[in-house]
Structures are given as C-alpha cells and as structure tokens.
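K.L.:
The amino acid sequence is not available; the structure is as follows:
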C-alpha cells in the first residue's frame with residue numbers, strides 16, 4: 001500500500017494546493033478555503049448519499065458533486081437502498097470514507113444493518129484508498145452484519161483513547177492509525 005501523507009487539489013493537471021493529512025485531521029476533516037484565480041478543470045469530485053454533505057457542497061460549484069438517489073432515512077440524514085448501491089457502483093473513488101458500528105478482536109468490521117454493511121462494502125470495493133472513521137468505543141463491540149476485514153482499509157481515524165490493543169491490531173493489519 002502507498003502511504004498517504006496529504007491530499008492534493010489539481011487544476012489543469014498541476015497541483016495547486018496540498019493539505020497534509022495530519023492538518024486535515026486537526027481541522028476536523030475540513031479542507032482549508034482555496035481561492036482559484038482562473039477557471040480550468042479540477043480533480044475534486046464528491047459522490048455521496050449523505051444529505052449533510054450535499055448541503056455543505058451545494059454552494060461550491062468548483063466541486064463536482066454527484067448525489068445518489070434512494071429511500072430517504074431522515075434520522076440518518078442519508079439515502080439508502082438498491083438504487084443508492086447501483087449508483088455508487090458506477091464510480092471508482094480516489095478516497096472512500098466509511099464508518100462502522102463495530103471492530104472485532106480479529107479485525108473484522110461490522111455494521112448493525114445489512115443495508116449499511118452493503119453500502120460500506122460497495123464504497124470499499126470501488127475506491128483506491130479506504131479511510132475508516134470509528135471511535136474507540138467501537139472496538140470489541142458486537143454487531144451482526146459483516147462489512148470487511150481491517151486489512152481492506154488503508155487509514156483508520158479514531159480518538160486518542162484508542163487502546164494499545166486496537167493500535168496493535170491496526171499495525172498487524174498494515175493499516176495506518178491516526179489518533180484524533
């Protein structure tokens with residue numbers, strides 16, 4: 001696996017801004033404001049099923065945003081279902097950002113609902129780099145629906161309270177751990 005140290009924003013084939021992954025993490029997962037003095041094509045595309053992401057990106061014409069359809073889940077502020085999965089399968093993302101409901105002692109990732117597990121499987125399968133977000137309370141928690149193995153993830157973002165056991169599990173799996 002290639003280690004990722006930073007994100008790059010590319011315009012007309014040239015890097016116009018880069019953000020260190022550590023700085024991205026410190027900023028709460030927010031990219032700094034970047035001002036472009038001229039037009040051109042950008043290598044920044046977001047494909048999402050999340051309503052909050054759509055709202056945040058709605059006034060950013062410089063970011064190409066694709067929105068999945070499906071059944072609205074108001075409590076989760078997203079859409080889900082076979083239509084959503086079929087749509088997401090049409091893309092190959094540079095980065096997939098997923099959460100999980102549980103991480104077992106052997107490094108298996110789980111969700112509580114079958115549709116959420118399948119959504120995460122699609123995202124992980126159809127991306128170059130896979131970023132997992134889960135606080136340390138998810139470690140050794142029980143959930144019924146298998147998503148993937150920790151080895152299928154490139155970066156694991158978790159809180160600073162992550163146990164040494166969880167960090168060692170990530171290291172054995174070849175996953176770079178980022179304590180936030």
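P.N.:
That came in fine, so what should we check first? All of these numbers come straight from a predicted model, not from anything done at the bench.

K.L.:
make it CA atoms for all contacts and neighbour counts henceforth
P.N.:
Fine.

K.L.:
Any idea what the residue nearest to the spatial centre of the chain is bridged to?
P.N.:
Centre of the chain computed as the mean C-alpha position; nearest residue by Cα atoms, centre = their mean is residue 97, 0.4 Å away. Beta-bridge pairing for residue 97 (DSSP bridges): residue 131.

K.L.:
where do the helices sit along this protein?
P.N.:
Under the criterion DSSP state H, the chain contains helices at 21-26, 51-57, 82-88, 114-125, 164-173.

K.L.:
Highest mean neighbour count out of the ones you listed?
P.N.:
Comparing the helices of the chain by mean neighbour count (mean count of other Cα atoms under 10 Å), helix 114-125 comes out on top with a mean of 19.

K.L.:
Tell me which residues are up against that one.
P.N.:
Here helix 114-125 makes contact (Cα atoms under 8 Å, 6 or more residues apart in numbering) with 80-81, 85, 88-89, 96-99, 110-111, 130, 145-148, 152-153.

K.L.:
Just checking, which helix or strand of this protein averages the lowest pLDDT?
P.N.:
strand 6-11 (a mean of 65; mean pLDDT, DSSP states H and E).

K.L.:
I only care about the contacts of helix 114-125 that end up buried; give me the PyMOL line for that.
P.N.:
Only the buried entries of these go into this PyMOL selection, using 16 or more other Cα atoms under 10 Å:
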select buried, resi 80+81+85+88+96+97+98+99+110+111+130+145+146+147+148+152+153
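
K.L.:
sorry, back to before: am I right that the residue nearest to the centre of the chain is in contact with residue 127?
P.N.:
No - at 9.5 Å, residue 97 does not count as touching residue 127 under the criterion of Cα atoms under 8 Å.

K.L.:
who are the neighbours in contact with residue 161?
P.N.:
Residue 161 touches residue 136, counting by Cα under 8 Å, 6+ apart.

K.L.:
what's the spacing between it and residue 178?
P.N.:
Going from residue 161 to residue 178 by Cα to Cα, to the nearest Å gives 11 Å.

K.L.:
again, but for residue 145
P.N.:
From residue 145 over to residue 178 (counting by Cα to Cα), the distance is 25 Å.

K.L.:
in the chain, what spans have low per-residue confidence?
P.N.:
Regions of the chain meeting the criterion pLDDT under 70 cover residues 1-14, 21-22, 24-25, 28-43.

K.L.:
that older thread, residue 72 is nearest to which of the helices of the chain?
P.N.:
helix 51-57 (9.1 Å; Cα to Cα).

K.L.:
which residues are in contact with the closest one?
P.N.:
48, 63, 65, 67, 77-79.

K.L.:
Which members of those occur in strands, if any?
P.N.:
Of those, the ones assigned to strands by DSSP state E are 48, 65, 67, 78-79.
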